[in-house]
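Visitor: My questions concern the predicted model and sequence given below.
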Amino acid sequence: MRDITDPRMLRAMAHPVRLRLINELGLHGPATATQLADRIGESAANCSWHLRQLAKFGFIEEAEGGVGRNRPWRWVPMGNRWGGADEPPELMQAGSELNATLLAQELAARNRWDEQRQTDDTTWRHAAFSVQNVNWLTADELKALEDELVAVLTRHNGRITDPASRPAGSRPVRMVGWAHPEPEPTPRPPSPEA
């Protein structure tokens, strides 16, 4: 797990095209800028530029087997963590921008699932789920819950980089979770008496 402490790295990843490129390389393996352009609906030149920006910060790297414009890129399989409790304001702002972009893309993917789920396999329709909950926790309990959820959500991460370990019939499954305390209520000024 890499702790990102440079706001430039967060901003490099926060671009929607770059996140789609990382996603494509992570899910489907090495590809050239031209192949990625076809998959995500962007120009090859634009994809090439964004790939170089991602490579500059170590999110992706050149894969073997290519030359010139036909060089493939691959995702560097490393988890990234940001958003520590005592981070400087510039890092906090860059992290907020990245979080907003990530969540927008995840919500769009969730909405796409809603649009097409009735045509998907019945087994997958029954397996997919959404859950929402509000509970009363201490900060220590919330941290323990994070540790448990991360362990569950990352249990099968080895399958991302090792296609041979994927069971027959498996598909990529998107999982998103966040937990935050409700803001403290703002006291209301007393009502003026009439």
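Guide: Looks like it arrived, so ask away.

Visitor: What sits closest to residue 26 if chain neighbours are left out?
Guide: Leaving aside its sequence neighbours, residue 26 sits nearest to residue 75 (CB to CB, 6 or more residues apart in numbering; 4.4 Å). All C-beta spots, glycine's among them, are computed from the backbone N, C-alpha and C.

Visitor: Does residue 175 touch residue 153 like I think?
Guide: Yes: if you go by CB atoms under 8 Å, residue 175 and residue 153 touch, sitting 5.2 Å apart.

Visitor: Those two - which one has more neighbours?
Guide: Set side by side, residue 175 and residue 153 show more neighbours around residue 153, with 12 against 9, by other CB atoms under 10 Å.

Visitor: Please list all residues in contact with that one.
Guide: 175, 177 (CB atoms under 8 Å, 6 or more residues apart in numbering).

Visitor: mind redoing it with 6 Å?
Guide: residue 175 (CB atoms under 6 Å, 6 or more residues apart in numbering).

Visitor: State the distance from it to residue 116.
Guide: Separation of residue 153 from residue 116 (CB to CB, to the nearest Å): 24 Å.

Visitor: now residue 25
Guide: Counting by CB to CB, the gap from residue 25 to residue 116 is 23 Å.

Visitor: Comparing these two, which residue is more hemmed in?
Guide: The residue with more neighbours, out of residue 25 and residue 116, is residue 25; 24 against 8, by other CB under 10 Å.
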